[in-house]
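1. here is a sequence with its predicted model. Questions after.
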Amino acid sequence: MSTITVVAIITAKPGKREELLNIARANLAAVRAEEGCIEYGLVIDVDGFGPNQAPMGPDTFAFVEKWTSEDALKLHFTLPHMADYREKSKDLIADRAVHVLKSAD
C-alpha cells in the first residue's frame with residue numbers, strides 16, 4: 001500500500017476562520033496520536049508571497065495530512081474526536097473540498 005495524502009481546503013463563514021481554526025487546533029494532538037497518522041497540520045496563506053501564489057483567502061485554511069494507508073484514513077473519519085470536531089464546526093463552515101491523493105511517482 002502507498003502513503004495517502006489529504007489536502008482538505010476549508011472555507012469558514014465570513015469572519016469565523018479563527019474560531020474554526022481554534023476548534024481544529026484543539027483536535028490536533030488526538031489526531032496526531034492515531035495509529036497510521038504520519039502528518040496532520042493546519043496551514044494558511046503566506047501573506048504577500050507574490051505572483052506565484054494563488055491565495056486561498058482570509059476565510060480559508062487547509063489541513064495537510066499523510067496517512068500510512070487508506071484503512072488508517074477511513075478509521076480516522078470514524079473516531080469520536082472527529083465526530084466531536086464535525087459537531088462543533090458544522091455551523092462555521094461555508095465550504096469544504098477534501099482531496100484524497102496517492103503518489104504519482
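-> Ah, there it is.
2. which strand or helix spans the residue nearest the centre of the chain?
-> Taking C-alpha atoms, centre = their mean, the centroid of the chain lies closest to F63, which sits 2.3 Å from it. Element membership of F63 [criterion: DSSP states H and E] is strand 60-67.
3. tell me what angle the helix or strand following that strand forms with strand 60-67.
-> Scanning forward in sequence from strand 60-67 by DSSP H and E, the next helix or strand is helix 70-78. Orientation of helix 70-78 against strand 60-67 (axes from the mean of the first three to the mean of the last three C-alpha atoms, to 10 degrees) gives an angle of 130 degrees.
4. for this protein, give me the ranges with low pLDDT.
-> Along the chain, segments meeting pLDDT under 70 span 1.
5. pretty sure K102 sits against T5.
-> Yes - under the criterion of C-beta atoms under 8 Å, K102 makes contact with T5 at 7.3 Å. No exception for glycine: its C-beta is placed from N, CA and C like everyone else's.
6. before we move on, back to that, distance of the closest residue to the residue nearest to the centre of the chain other than its chain neighbours from L79?
-> Closest residue to F63 apart from its sequence neighbours, by C-beta to C-beta, 6 or more residues apart in numbering: A8 at 4.2 Å. Distance of A8 to L79, given as C-beta to C-beta, to the nearest Å: 16 Å.
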